[in-house]
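Novice: The following comprises the amino acid sequence and a computationally predicted model.
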Amino acid sequence: MSASVRTAVLAAATAALLAAPEASATNYTLWIHGKNGGGTQIGNYADFSNWGPSTAAAGVNKKAVNWNGSQSIGSQNAYVRNALDCFCTGTNWCYIAVHSAGDLQIGYTLALYGGSARYKKNATPNSSGVCGNTDGTTQTGWNIKWVDVASGASGGSELADHGDWAVGDPIVTDLVTTTARAMYNHNTTRAVWFYNFAGSKGTAYSGILPGQDDEAVAYHTTGGVSGSSGGSYCNPGDWFCGGTLNTGTSACSDGRAKWSYHSVKFRDDGEAYSHSGNGNWEGIVGKVRADVAANAY
């Protein structure tokens with residue numbers, strides 16, 4: 001083959017390569033439930049029975065990430081990683097919404113596995129919720145835009161400390177405040193922002209949960225407040241607390257900082273939002289659903 005012919009062939013091949021269409025990017029919204037989880041089907045990303053009607057607007061291409069919410073975070077975390085591998089690698093990106101112990105799940109995942117090599121997946125799950133590889137290449141961690149947190153329990157709950165939940169469930173041990181806070185480095189989010197929505201319509205356990213609470217978790221955890229143990233934080237003007245949970249990234253009024261990349265997007269000053277979504281997108285879950293519907297596109 002002459003030099004001129006080789007040059008022409010090379011030029012044609014280069015032109016064809018440049019003209020080849022790029023793989024299309026798709027955004028997904030992953031919903032990770034908390035403790036128990038309402039009998040959801042693990043691996044079935046269409047099963048929103050824990051949350052409410054699947055017809056509700058809850059972000060672009062919404063997927064339910066189901067795990068056995070009575071078991072420990074570590075034993076169930078592979079199901080979360082499967083979902084992130086499926087929908088948040090390659091050219092695809094994800095918005096994440098979590099509730100209660102789902103906050104522990106995503107925090108644990110990012111801190112311990114967010115720096116690992118992940119195979120790029122095809123977003124086509126099998127019956128177990130596992131997707132196939134695309135081209136056999138890997139990337140570091142996942143493509144995540146942000147995390148919305150409905151009454152997150154990444155700092156644990158005093159209800160677990162005092163045995164007010166069924167202590168036979170392994171998840172309860174993980175939710176002991178000192179255990180939850182020592183489970184992983186909560187400051188290691190791989191630069192992904194966590195936007196916390198803190199509910200305060202709590203009554204029954206006010207004597208156990210310090211400061212403002214939503215009947216399951218207190219502001220020290222729903223507000224992403226740092227430290228090895230919890231604290232007593234409330235809405236502005238409440239004189240019976242150790243301090244005020246400030247919005248945004250600002251430290252609490254007593255100087256206690258929030259975890260890195262954590263910001264309080266909503267503080268329930270009106271004491272209107274309870275912890276449970278009641279299987280119908282209610283309470284603080286409904287507040288987060290509305291935010292995700294408006295901003296995950």
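Specialist: Received the coordinates, thanks. Numbers count the residues shown, from 1 in each chain.
Novice: now the strands for the stretch 51-200 of the chain?
Specialist: For the stretch 51-200 of the chain, the strands defined by DSSP state E, counting those that start in this stretch occupy 62-65, 93-99, 117-125, 131-140, 144-150, 194-198.
Novice: Now render those strands as TSV, adding mean neighbour count and distance to residue 180.
Specialist: Just so you know, the C-beta spots here come from the backbone N, C-alpha and C atoms, and that holds for glycine as well. Converted to TSV, the strands of the stretch 51-200 of the chain look like this (neighbours: other Cβ atoms under 10 Å; distance: least, Cβ to Cβ, whole Å):
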stretch	mean neighbour count	distance to residue 180
strand 62-65	24	19
strand 93-99	26	14
strand 117-125	16	25
strand 131-140	12	26
strand 144-150	25	14
strand 194-198	27	15
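Novice: So what's the residue count around residue 297?
Specialist: 11 (other Cβ atoms under 10 Å).
Novice: got it, and residue 58?
Specialist: Counted by other Cβ under 10 Å, the residues lying close to residue 58 total 25.
Novice: does residue 255 belong to a helix or a strand, and which?
Specialist: Residue 255 belongs to no helix or strand when assigned by DSSP states H and E.
Novice: could the strands of the stretch 51-200 of the chain be laid out in a markdown table, adding mean pLDDT?
Specialist: Listed next are the strands of the stretch 51-200 of the chain as a markdown table, based on pLDDT from 0 to 100:
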| stretch | mean pLDDT |
| --- | --- |
| strand 62-65 | 98 |
| strand 93-99 | 98 |
| strand 117-125 | 98 |
| strand 131-140 | 98 |
| strand 144-150 | 98 |
| strand 194-198 | 98 |
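Novice: Include distance to residue 256 when you put the ones you listed into a markdown table, please.
Specialist: Below are those laid out as a markdown table (distance: least, Cβ to Cβ, whole Å):
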| stretch | distance to residue 256 |
| --- | --- |
| strand 62-65 | 31 |
| strand 93-99 | 23 |
| strand 117-125 | 34 |
| strand 131-140 | 32 |
| strand 144-150 | 18 |
| strand 194-198 | 14 |
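Novice: just the helices in the chain please.
Specialist: Under the criterion DSSP state H, the chain carries helices at the ranges 3-19, 73-87, 102-113, 158-161, 170-174, 177-182, 219-222, 283-295.
Novice: Looking at these, which is nearest to residue 253?
Specialist: Set against residue 253 and scored by Cβ to Cβ, the helices of the chain come closest in helix 219-222, at 11.7 Å.
Novice: Now do the closest one: which elements does it pack against?
Specialist: Contacts defined by 3 or more Cβ pairs under 8 Å, 6 or more residues apart in numbering; DSSP states H and E place helix 219-222 against strand 194-198, strand 233-234.
Novice: tell me the mean pLDDT for that helix?
Specialist: Across helix 219-222, pLDDT averages out at 97.
Novice: now stretch 159-179
Specialist: Stretch 159-179 shows an average pLDDT of 89 in the prediction.
Novice: Show me what it is in contact with.
Specialist: 35-36, 69-73, 75, 101, 104, 153, 155-158, 180, 183, 205, 208-209, 216-217, 221, 228-230 (Cβ atoms under 8 Å, 6 or more residues apart in numbering).
Novice: Kindly report the same for stretch 34-53.
Specialist: Residues outside stretch 34-53 that contact it (Cβ under 8 Å, 6+ apart) are 31, 33, 54, 58, 62-70, 79, 82-83, 86, 98-103, 125, 127-130, 153, 165, 169, 171, 175, 277, 279-282, 285, 289.
Novice: Pull out the buried members of those.
Specialist: The neighbour count (16 or more other Cβ atoms under 10 Å) marks 31, 33, 58, 62-69, 79, 82-83, 86, 98-103, 125, 129-130, 153, 165, 169, 171, 175, 277, 281-282, 285, 289 as buried among the contacts of stretch 34-53.
Novice: Just tell me which of the strands of the stretch 51-200 of the chain ends up closest to residue 246.
Specialist: Across the strands of the stretch 51-200 of the chain, closest to residue 246 is strand 194-198 (Cβ to Cβ), at 11.1 Å.
Novice: Does residue 218 touch residue 233 like I think?
Specialist: Yes - between residue 218 and residue 233 there is a contact at 7.4 Å, judged by Cβ atoms under 8 Å.
Novice: Which one of those two is surrounded by more residues?
Specialist: Comparing residue 218 with residue 233 by other Cβ under 10 Å, the one with more neighbours is residue 218, at 35 against 29.
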